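# Okay, predicted coordinates and the sequence, questions at the end:
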Amino acid sequence: MKRSEIFARIIILLLIAVIACCAKPKVVQEPIIVPPEKIEKLPEVSRPFLVPEVDRYALGCVLPLSGPYAELGNKALDAILLSAGMFDEKNKSLWKVIVQDSRGLPQETKTAIEHLANTKNVIAIIAVTGTAEALEAAREAEKTRVPLILITSKEGVSLGSEYVFQHFLTPTQQVRAVVSYAINDMNCAMFSALYPDDDYGQEMIKIFREEVARLGGKVERVIPYGKKQTDFTSEINKLTNNQVAVAKKSAAKKTEVPKRIEVNFEALFIPDSYRRVQLIASQLAFYDVRGVKLLGTSLWNSPYLLKKGAQYLEGAVFVDSFFPYAFYRETNDFIDIYYTAYGRDPENIEALAYDTAGIIFNTIETKGIQTRQELVSSLMGTENYHGATGTVSFGYDRVAHKTPFILQIKNGKLEQMK
């Protein structure tokens, strides 16, 4: 071997040795649990990998206790306190519920979560939010690495976040349930819809079209109306392929007795409030559009739904996450203890908040949870938790998979169908 070749090989070996010595193994930095007072003294660059020492018995709550949604927030708080056993005189509760008022504002929500996570050192947070605050809450929970269960209708709020869960019967779940029931149990195949021309209505109609098509049905007509509208003559005319206008002309000329209006669909979907549904149902009856099954969402569910014009809603079906007269033992037990504590019947928000807190408390107690990361992992494994709102499981997307209550109006009363 030539001297030059030997020298070249020596140089290559030396280079490999130098590179091997300088290279550092890649290490994934795990969160380090330290007292909060020490975190404050550390530079910002070090903080992302540090989490405070948490109090496993401290639950944070971010609720709109003032502002336009104060009633909602205070009802949720009542239910969470009840779930924590604050009224159990025999067994003193170990749980601490630490509450922050969000006032229903995004910035206030964000500040409240940061305060509960880093100053109060809670093990988890429950937040009741609208769609505007939900994303801010999710971002802050991910940043501070605190498990957050959101009670919100905002779709997709838990996506891309390890620490964020959602406990709500989402718009997709609602539409999927009511369409499935209409096709499989009511034998409907042809659908139409009247919907409010706003963000909510447009979202629901998009989901509605997709679900009907997925299950093999067909959507004939989809007709929007104004958010403040009270007269639906024009929309019903479009819905019936101009039959209302023809009937009006016949009635004006008195040439013949107006015929009953026939339509080429079997079910009509109306994703709107109970007030609007009452108006639409009565006007459909006025124009003699009968034999159509009405379908709706949780917005229908109100104590006032059947106070006026119940006869026009006979046979209508809608879905919700809670029904106080359900045939579930857990629901009946919840109704009893809630009424005993507060002297009133609970509604959806109380039932959802009660179950959300119950899921957290049950997970911490049964699994011996000590850290936030342990809680996140255990919540992901929640399957068939039996609560006031039915069974709850968390899927891969950290959204609660719930058993919807299928409610039908029969003889002027609500009955649970499924």
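Structure received.
# Pull out the buried residues from the helix or strand where residue 180 lies.
Assessed by DSSP states H and E, residue 180 sits inside helix 171-184. Residues of helix 171-184 classed as buried: 171-183 (neighbour count, 16 or more other C-beta atoms under 10 Å). Backbone N, C-alpha and C define where each C-beta goes, glycine included.
# now for it, which elements pack on it?
The contact analysis (3 or more C-beta pairs under 8 Å, 6 or more residues apart in numbering; DSSP states H and E) places helix 171-184 against helix 199-214, strand 293-296, strand 317-320, strand 405-410.
# Run the angle between it and strand 405-410 for me.
With axes from the mean of the first three to the mean of the last three C-alpha atoms, to 10 degrees defining the directions, helix 171-184 sits at 50 degrees from strand 405-410.
# out of everything not next to it in sequence, what's closest to residue 120?
Spatial nearest neighbour of residue 120, chain neighbours left out: residue 98 (5.1 Å); criterion: C-beta to C-beta, 6 or more residues apart in numbering.
# Packing partners of the one helix or strand that neighbour maps to?
Residue 98 belongs to strand 96-101 when assigned by DSSP H and E. The contact analysis (3+ C-beta pairs under 8 Å, 6+ apart) places strand 96-101 against strand 55-63, helix 70-83, helix 106-118.
# So for the last one, what gets flagged as buried?
The one in question is helix 106-118. Buried, per 16+ other C-beta under 10 Å, within helix 106-118: 106, 108, 109, 110, 111, 112, 113, 114, 115, 116, 117, 118.
# you'd agree the first one is up against residue 127?
To tie it back to what came earlier, the one meant is residue 106. No - Residue 106 lies out of contact with residue 127 (C-beta atoms under 8 Å); the separation is 11.6 Å.
# Need the overlap of contacts for the two.
Residues touching both residue 106 and residue 127 by C-beta atoms under 8 Å, 6 or more residues apart in numbering: residue 133.
# in the stretch 201-350 of the chain, which spans are strands?
Applying DSSP state E, counting those that start in this stretch to the stretch 201-350 of the chain gives strands spanning 218-225, 267-269, 293-296, 317-320.
# Now those strands in a markdown table, please, with extra columns for mean neighbour count.
Shown next, in a markdown table, are these (neighbours: other C-beta atoms under 10 Å):
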| stretch | mean neighbour count |
| --- | --- |
| strand 218-225 | 16 |
| strand 267-269 | 25 |
| strand 293-296 | 23 |
| strand 317-320 | 26 |
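# Report the beta-bridge partners for residue 196.
As for beta bridges, residue 196 partners with residue 225 under DSSP bridges.
# Tell me the gap between the helix or strand harbouring residue 377 and the middle of its chain.
Counting by DSSP H and E, the element that carries residue 377 is helix 372-380. Centroid separation between helix 372-380 and its chain, computed with C-alpha atoms, centre = their mean, to the nearest Å, is 20 Å.
# Stretch 157-164 too?
The answer for stretch 157-164 is 14 Å, by C-alpha atoms, centre = their mean.
# Restrict that stretch to CA atoms and write it as PDB.
Provided in PDB are the C-alpha atoms of stretch 157-164 (Å, rounded to 0.1, in the frame of the first residue of the first chain):
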ATOM      1  CA  VAL A 157     -61.500  22.700  19.900                       C
ATOM      2  CA  SER A 158     -59.500  19.700  21.200                       C
ATOM      3  CA  LEU A 159     -57.600  19.000  18.000                       C
ATOM      4  CA  GLY A 160     -53.900  19.300  18.200                       C
ATOM      5  CA  SER A 161     -53.800  19.700  22.000                       C
ATOM      6  CA  GLU A 162     -52.700  17.000  24.300                       C
ATOM      7  CA  TYR A 163     -54.300  18.600  27.400                       C
ATOM      8  CA  VAL A 164     -57.700  19.700  26.100                       C
END
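# List the buried residues for it?
By neighbour count on 16+ other C-beta under 10 Å, the buried set for stretch 157-164 is 157, 158, 161, 163, 164.
# Would you format the residues you listed as JSON lines with pLDDT and distance to residue 391 included?
As requested, the buried residues of stretch 157-164 are exported to JSON lines (pLDDT from 0 to 100; distance: C-beta to C-beta, whole Å):
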{"residue": "157", "pLDDT": "93", "distance to residue 391": "22"}
{"residue": "158", "pLDDT": "93", "distance to residue 391": "19"}
{"residue": "161", "pLDDT": "88", "distance to residue 391": "24"}
{"residue": "163", "pLDDT": "97", "distance to residue 391": "24"}
{"residue": "164", "pLDDT": "97", "distance to residue 391": "22"}
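# From those, pick the one nearest residue 364.
Distance to residue 364, by C-beta to C-beta, is smallest for residue 163 among the buried residues of stretch 157-164, at 15.6 Å.
# can I assume the closest one is in contact with residue 150?
No - counting by C-beta under 8 Å, residue 163 stays clear of residue 150, with 10.9 Å between them.
# re earlier: so which of the strands of the stretch 201-350 of the chain comes closest to residue 333?
Residue 333 lies closest, by C-beta to C-beta, to one member of those: strand 317-320, at 19.1 Å.
# Sheet partners, orientation included, of the closest one?
strand 293-296 (parallel), strand 405-410 (antiparallel).
# Figure out which of those strands is closest to residue 80.
Nearest of the strands paired with strand 317-320 (C-beta to C-beta): strand 405-410, 21.6 Å.
# The next helix or strand after that closest one pairs with which strands?
Under the assignment DSSP H and E, the closest C-terminal helix or strand after strand 405-410 is strand 413-416. Neighbouring strands of strand 413-416 in its sheet, by DSSP bridges, are strand 405-410 (antiparallel).
# before we move on, back to that, out of the buried residues of stretch 157-164, which are inside helices?
Among the buried residues of stretch 157-164, none falls in helices (DSSP state H).
# List just the nearest of these to residue 123.
Nearest to residue 123 among the buried residues of stretch 157-164: residue 163, at 11.8 Å, using C-beta to C-beta.
# so how far is residue 389 from that closest one?
23 Å (C-beta to C-beta, to the nearest Å).
# re the thing from before, mind giving me a markdown table with the strands of the stretch 201-350 of the chain and columns for distance to residue 370 and mean pLDDT?
Formatted as a markdown table, the strands of the stretch 201-350 of the chain follow (distance: least, C-beta to C-beta, whole Å; pLDDT from 0 to 100):
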| stretch | distance to residue 370 | mean pLDDT |
| --- | --- | --- |
| strand 218-225 | 52 | 96 |
| strand 267-269 | 48 | 97 |
| strand 293-296 | 45 | 97 |
| strand 317-320 | 37 | 96 |
